[in-house]
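Visitor: Quick check, what structure comes out for this input:
(chains A and B)
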Amino acid sequence: MDPTALLAVLAVLVALSGALYLIRHRRDLGTSADRATFDTLHTASLAAPALRSGLTAPGAERAVKHLRTLLGTAAVALTDREQLLASDGEPHPVHQHAACAPTDASRVLAEGRTVILSAREVACTSPECPVRVAVASPVVDGDAVVGALVAYGRESSAHLVRAVEEVARWVSAQVELASADAARTQLIEAELRALRAQISPHFVYNSLSAIASFVRTDPERARDLLLEFADFTRYALRRGGEFATLSDELRNTERYLVLEQARFGERLRLSLRVAPEVLPIAVPFLVVQPLVENAVRHGLENAAGVVTVSISATDGGPVAVICIEDDGAGADPELVRAALGGDDAAGARGGAVGLANVDARLRQVYGDQYGLVVETAPDAGTKVTFRVPKFAPGVRAEPVRARPARPA
Amino acid sequence: MSAALPIIAVVAVAVGTALAGTFGLRRVRTTRDFYVASRTVSPRWNAAAIGGEYLSAASYLGIAGLILAFGFDVLWYPVGYTAGYLVLLAVVAAPLRRSGAYTLPDFAEIRLGSATVRRAASVLVVLIGWLYLVPQLQGAGLALTTQAGAPHWLGGLVVCAVVLVAVAAGGMRSITFAQALQFWVKLVAMLVPALVLIAVWQHRDDGVGAGYPTAPSRTVVHLSAGTSVRVQVPETLTVSGTLDTRRVDGPVALTRGTHRLGAGTTVTLERGDVVPVVTSLPAQRNASWLQPLGSGRAHPLYASLSLILAICLGTMGLPHVLVRFYTNPDGRDTRRTTLVVIVLLSAFYLLPTVFGAFGRHYVPDLLLTGDTDATVLLLPQRMLPGWPGTILGAVLTAGAFAAFLSTSSGLTVSVAGVLSQGVFRRRSEPFRARRIRSFRLGAVAAIAVPYLLSLPTEHLGLAAVVGLAFAVAAATFCPLLVLGIWWRRLTDAGALAGLASGGLLATAAVLITIVAGPQGGWSGALLAQPAAWAVPLTFAVMGAVSLATQTRVRADVGRILVRLHVPETLAGELRSLGRSSPEPDRSAQPDSRLTT
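Guide: From the prediction side, this is the model:
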């Protein structure tokens, strides 16, 4: 080997080690505290994408080991309101503690604040197990507790409690971002749904056919019906205003029923019971008429003979109770359940196309506990009930503009 | 017979109320009737409903009793109860209706956007509601005891039961019509006996006279509890029982001054005997009884002024009054309703005055027992012994129960609504069943607590306790509403400080008065009538703290005030004008950029 080559190899080696030294000991990386911060931020950034779809088991699975790195405890578990989503920790016997996380987190879920569990509550019999205490902190979305972060460690210090709280808060922030995303998607869906609820093509076709049949025999009535139709479409297709008063909703339902009676005549009977106290309440736009339309269409088209449709609105303390009932064909409860779950095909068979739409909008405005309640069975009619809080922040009816005078 | 008739009357009223509520809704068969059925309640109906809910035990029984005992000064109660609606009409009725608030806490949240102020308002609603319910239940107990000899706890229990059954059955379905009916029941039940008694009085040509009240005929008074009485003139009365620690049975000479009559003692008053007066009531001659400021209480001028202030300003803060206004379709109809309410109340309040004045002459022995609240119920039997008096008494008992039931059910529903939202409900209640259950739990708590409070037999006059509820309402909600509606610089911190200081001080004064009984001197007068100092204090605290925390004024306060004050039709115009402009319409969300 000639010396030049040897020198070249040596030079390369020196250069490499110099470069390596420079890389490993870069002065501008800052102090050790700075590096700790960078490490923490890096770990957090690794966990963040896993949590962007909310508190799900797969996401929690990927996030939880980074959370344990952040906390540096023996084991960490993430739960939702019911069950353990994911856990990470040192091997057995530490890991079995994480499996108990839902029990350990139950108080946090109930009270919504950080809870420290002492050795008496969490320690096991195994002598080599390092777990002596647990700190559990709530994961909050908006103002609801949706889950808990539980850390298992050797001793409870103010430091550990603070760390667990901060990490739980960070997880909460990620979950809130996720639900904000979901809300935005829902909003777009709701707008689409509202658009679809406005008018049904069947109804337009049937109404115009019914009116046409009167044009020669009873032109006066045909004219009245056309004007009702015009008013109905004016209301249903109005722009802006997510809410209307119950009184306006009922008036629009009346126009709809006048048109349907033109078609069905004596076969459609009505019964109405409305407590005047609830008339000025604001309700989401077009919630009553689609339910009545559902009752008329499904109840009458699938049954022979006279069908009575009853509409009632009553005062129930802090809520108004609105109930639409028909004694027509009824439906299989399973089909209605599927329709409310979003299965349109089942809805078409069960006669519940409008229901899912109204149900989704009610839940979106007032929360899940204010959805539709449907009571039905084949040949037993259908009863649809919903409740509307008399007052909900941000809900206010837009006054309808005065109707222009009808042409003489 | 004499015990059965009032009981039948009470049962009839209870059943009638339930039926009116359940079947008061119209059924229609054709679409042509649809619009007729779904139109709103006319101001006249609604006004009668407001009157029905408003005329409580205090109005029906309490005022006549107070007039018997205190005379002219008590006339401020009916004047205040009516004039309170005038203040309501002028200052808050229409803006409150436009705000869309269903309850006072709702208003606090709409105007100030603060959950803390909302909670404080909720606590006060419950407190005022309870304070107002106690005399209703006491009155029910008194009515059944007086008319049917029932134990004193029974009447309140009957009212609780009827109200809870109505709530459990899904609430009274059409409260407006049921309450409107109750108003006419109460008015007629008092008007007919009053007309008969006036005719009898005219016929007999009796006068009250200027001296101390004397027994109009031989009267036997049985004292169920030990009583201290003041004897104005030395006289000989037939006493059987304990007198000043010695046993007596027969005529005894009573000296002028205070005497102690033991429990179970019977006093027989002959015609013309001057009635000894229980020490908790003033004993004054009929001449001064008829004079302004002649009530015989300490500092009558202060007491009268403070009372007027409490009742006039407290009406707007009663939890069950605001809900009724929501039935009106708009602010203009709200004002018309209020006007009719004033007319109806003015007519009604003439009647208790008649009973109170007659009571001074025909049932002065109530001054000896102190149960002056029974005046209205006892008067017919005294003036018309035999069956006519019994029938009139039964009619009055029915009216009284209508008063207890209507006010109690309205208050219970209001308080239960607040309780179920604030106390019995977790932050994220997932199930509908639990939410309904929480409302029923709320209803039970809303009426059970005042029932327990009403059980101790020692009590102030019914109207006086209601007056105290008005005082707390005047010292808390009146400033919140007036400043909230008319002053844009009110902040959440200011409102909270005002509610806390006014609420705590007025409640403390009220509780001291109720627990320890009326005190003498200036301190006693200030505690018994706290409104005159508590209301200005609350206004001052709200104003000062708001001025000190001006950074907390909501950015969108201008928009909220526009919503409160612009008539609905005009508001629609404004909004449609706004929509045609290029600016995006985001009025549903508070957005500071639009208002700055």
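
Visitor: Tell me which other helices or strands the helix or strand harbouring A:Leu70 touches.
Guide: Using DSSP states H and E, A:Leu70 maps to helix A:57-71. For helix A:57-71, the contact count by 3 or more CB pairs under 8 Å, 6 or more residues apart in numbering or on different chains; DSSP states H and E identifies helix A:32-51, strand A:75-80, strand A:84-89, helix A:158-197 as packing neighbours. Backbone N, C-alpha and C define where each C-beta goes, glycine included.

Visitor: pLDDT of that helix, averaged?
Guide: Across helix A:57-71, the average pLDDT comes to 84.

Visitor: quick one, longest helix in chain B?
Guide: Longest helix of chain B, by residue count under DSSP state H: helix B:387-422.

Visitor: that older thread, in TSV: the helices and strands packed on helix A:57-71, plus distance to B:Thr476, mean neighbour count and mean pLDDT.
Guide: Converted to TSV, the helices and strands packed on helix A:57-71 look like this (distance: least, CB to CB, whole Å; neighbours: other CB atoms under 10 Å in any protein chain shown; pLDDT from 0 to 100):
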stretch	distance to B:Thr476	mean neighbour count	mean pLDDT
helix A:32-51	46	14	84
strand A:75-80	42	27	86
strand A:84-89	47	22	82
helix A:158-197	36	16	80
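
Visitor: Could you take these and lay them out as a markdown table, with extra columns for distance to A:Lys65?
Guide: Below are the helices and strands packed on helix A:57-71 laid out as a markdown table (distance: least, CB to CB, whole Å):
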| stretch | distance to A:Lys65 |
| --- | --- |
| helix A:32-51 | 8 |
| strand A:75-80 | 8 |
| strand A:84-89 | 4 |
| helix A:158-197 | 13 |
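
Visitor: closest one to B:Leu313 among those?
Guide: Closest approach to B:Leu313 among these is made by helix A:158-197 (43.8 Å; CB to CB).

Visitor: need the next SSE after the closest one, C-terminal direction.
Guide: Next element after helix A:158-197 (DSSP H and E): helix A:201-215.

Visitor: now the strands for chain B?
Guide: Remark: strands assigned in chain B by DSSP state E are B:219-222, B:227-231, B:235-243, B:246-254, B:257-261, B:266-269, B:277-278.

Visitor: Report the closest residue of the stretch 201-350 of chain B relative to chain A.
Guide: B:Thr327 (5.1 Å; CB to the nearest CB).

Visitor: contacting residues for that residue?
Guide: Residues near B:Thr327 by CB atoms under 8 Å, 6 or more residues apart in numbering or on different chains: A:276-277, A:279-280, B:40-41, B:46, B:49, B:176.

Visitor: low-confidence ranges in the chain?
Guide: Assuming you mean chain A. Applying pLDDT under 70 to chain A picks out residues A:1, A:22-29, A:92-95, A:188-189, A:191-198, A:239-241, A:342-353, A:397-408.

Visitor: Sorry, I should have been clearer: chain B.
Guide: B:1-3, B:18, B:20-40, B:168-175, B:422-436, B:457-460, B:571-596.

Visitor: For stretch B:496-513, buried residues please.
Guide: Neighbour counts over stretch B:496-513 (16 or more other CB atoms under 10 Å in any protein chain shown) mark B:496-503, B:505-507, B:509-510, B:512-513 as buried.

Visitor: Return the list of strands paired to the helix or strand that contains A:Asp315, each annotated with direction.
Guide: Under the criterion of DSSP H and E, A:Asp315 resides in strand A:307-316. Looking at strand A:307-316 with DSSP bridges, its partner strands are strand A:268-274 (parallel), strand A:319-326 (antiparallel).

Visitor: then the shortest one to PDB, C-alphas only?
Guide: Output for strand A:268-274, consisting of C-alpha atoms alone and laid out as PDB, is shown next (Å, rounded to 0.1, in the frame of the first residue of the first chain):
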ATOM      1  CA  LEU A 268    -106.900  12.200   6.200                       C
ATOM      2  CA  ARG A 269    -108.200  13.300   9.600                       C
ATOM      3  CA  LEU A 270    -106.400  15.700  11.900                       C
ATOM      4  CA  SER A 271    -106.400  16.300  15.600                       C
ATOM      5  CA  LEU A 272    -104.400  19.100  17.100                       C
ATOM      6  CA  ARG A 273    -103.600  20.000  20.700                       C
ATOM      7  CA  VAL A 274    -101.300  22.900  21.200                       C
END
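
Visitor: how much distance is there from that strand to the middle of the chain?
Guide: How far strand A:268-274 lies from its chain's middle: 34 Å, per CA atoms, centre = their mean, to the nearest Å.

Visitor: Which positions in the helix holding A:Leu70 come out as buried?
Guide: Applying a neighbour-count criterion of 16+ other CB under 10 Å, one finds A:59-60, A:63-71 buried in helix A:57-71.

Visitor: Check whether B:Pro450 really touches B:Gln138, as I assumed.
Guide: No: taking contacts as CB atoms under 8 Å, B:Pro450 lies outside contact range of B:Gln138: 9.3 Å.

Visitor: Helices of the stretch 101-250 of chain B, residue ranges please.
Guide: Here the stretch 101-250 of chain B has its helices, by DSSP state H, counting those that start in this stretch, at B:104-112, B:115-148, B:152-168, B:175-204.

Visitor: which residue ranges form the helices in the stretch 301-408 of chain A?
Guide: So, for the stretch 301-408 of chain A - with DSSP H, counting those that start in this stretch - the helices run A:333-340, A:344-350, A:353-366.

Visitor: And for the stretch 351-500 of chain B?
Guide: Taking DSSP H, counting those that start in this stretch as the test, the helices found in the stretch 351-500 of chain B are B:366-369, B:375-383, B:387-422, B:432-454, B:462-486, B:492-516.
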